[in-house]
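Enquirer: pasting the structure only:
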């Protein structure tokens, strides 16, 4: 396994370190980080190309980091969605009765912690 190989490389370079290779392997396998990036080019939110409903480029980033037990019975994850708190509309439409337009904003930055428990046989429950 790759994690075990990296743990052995680490201990060859730092032989006086207190952790044993088996502990390093566990640490590498149970700590995780994930990043996501979504780019959407500029566009109009309606079919009649109303300049009031023009949406510029959007760059959205999400980050998730956590750790899980070696036996995979539990997992704790901290996460942030829309990390730059970029504001943009996901939907826009004309409202002819008031000679205007309306739109629905995308969610602002959100963050939280998730605890995931494994109750056996590969099924996961959420708290």
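Expert: All right, it came through fine. Since the model is a prediction, treat every value here as computed from it, not as a measurement. Residues are numbered from 1 along each chain as shown.

Enquirer: between the two ends of stretch 40-48, how far is it?
Expert: Using C-alpha to C-alpha, to the nearest Å, the end-to-end distance of stretch 40-48 comes to 20 Å.

Enquirer: cool, and stretch 51-61?
Expert: The first residue of stretch 51-61 is 27 Å away from its last residue (C-alpha to C-alpha).

Enquirer: if you count neighbours, what's buried in that stretch?
Expert: Neighbour-count burial for stretch 51-61 flags 53, 55, 58, 60 (criterion: 16 or more other C-beta atoms under 10 Å). In short, each C-beta sits where N, CA and C put it, glycine included.

Enquirer: quick check: mean pLDDT of that stretch?
Expert: Here stretch 51-61 scores 92 as its mean pLDDT.

Enquirer: contact partners of that stretch?
Expert: With contact meaning C-beta atoms under 8 Å, 6 or more residues apart in numbering, stretch 51-61 is reached by 35-46, 82-84, 86, 88-89, 92-94, 101, 103.

Enquirer: hmm, 6 Å instead?
Expert: 37-46, 82-83, 88-89, 92, 101 (C-beta atoms under 6 Å, 6 or more residues apart in numbering).

Enquirer: of those residues, closest to residue 109?
Expert: residue 82 (4.9 Å; C-beta to C-beta).

Enquirer: tell me the pLDDT of the closest one.
Expert: Confidence score, pLDDT, at residue 82: 95.

Enquirer: I figured it hits residue 105, correct?
Expert: No: assessed by C-beta atoms under 6 Å, residue 82 is found out of contact with residue 105, at 11.2 Å.

Enquirer: I appreciate the help and will end here.
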